[in-house]
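Peer 1: Next come a sequence and a model predicted from it.
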Amino acid sequence: MSRPPVDVLLRRLDPSVPVPSYAHPGDAGLDLVTTEAAELAPGERAVLPTGISLALPDGYAAFVHPRSGLAARCGVAMVNAPGTVDAGYRGEIKVIVVNLDPREAVRFAKGDRIAQLVVQQVERVRFHEVAELPGSARAAGGFGSTGGHAAGQKPLAGTPGTSSTSSNGYTSVGTDREGQ
Ligand SMILES: O=c1ccn([C@H]2C[C@H](O)[C@@H](COP(=O)(O)OP(=O)(O)OP(=O)(O)O)O2)c(=O)[nH]1
Ligand SMILES: [Mg+2]
């Protein structure tokens, strides 16, 4: 059984902006539009306003995610993806987009859907500082320590894991973690 929706107060700073809604049942994201037209040259970024501000309930946050269609068709990404909207933030939600296409400019018209908002429950933590952390199977391995890199990609220097440089100059990372 699906859970009831969470009530969120929303203010439209621009009356022409639609109240964000889910396109399909089961969708996680609500599309956000830009209230400003913009043109981004290759490599250029912009902070675009959405005309929306929220009062999220305590214990929730909203995350501004990119749209896959814009990314695949136009090379548009979000510089800080996912952007974090704190429950206490009452300002306008903004989207920091960047045009990653090497050749083509991208144009946004007012009302174009530029990103999507995902509202989630978030935990608050209380830290307990210790001198040593308990052990784990992964330990400090990360940043490619399990292998599977594309050809020519080197693992991040200084991370645990078995590594060797072959005659072609590429570094290959072993996935055998025995004996570590
Ligand atoms: O993509 C984003 C990211 C953030 N925000 C808003 C909501 C968030 O609550 C506030 C602060 O964001 P963040 O903490 O990521 O930015 P900061 O650079 O750390 O700023 P601050 O010092 O104000 O926290 O900015 C957006 O509108 N869009
Ligand atoms: Mg911050």
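Peer 2: Done, it's in. Numbers count the residues shown, from 1 in each chain. Ligands and ions are numbered 1, 2, ... in the order given.

Peer 1: tally of neighbours for the residue in the chain that ligand 1 sits nearest to?
Peer 2: Using Cβ to the nearest ligand atom, the single residue of the chain nearest to ligand 1 is residue 83, 1.9 Å away. To be clear about C-beta, it is placed using only N, CA and C from the backbone, and glycine gets the same treatment. Look at residue 83: counted by other Cβ atoms under 10 Å, it has 18 neighbours.

Peer 1: Hmm, residue 96 and it touching each other?
Peer 2: Yes: at 6.8 Å, residue 83 counts as touching residue 96 under the criterion of Cβ atoms under 8 Å.

Peer 1: rewinding a little: for burial, what's the neighbour tally of the residue nearest to the residue of the chain closest to ligand 1 when sequence neighbours are not counted?
Peer 2: If the residues on either side of it in the chain are set aside, residue 83 comes closest to residue 64, at 3.5 Å by Cβ to Cβ, 6 or more residues apart in numbering. Residues lying near residue 64 (other Cβ under 10 Å) number 23.

Peer 1: which residues does residue 64 contact?
Peer 2: The contact partners of residue 64, taken as Cβ atoms under 8 Å, 6 or more residues apart in numbering, are 32, 78, 81, 82, 83, 84, 85, 93, 95, 115, 116, 117.
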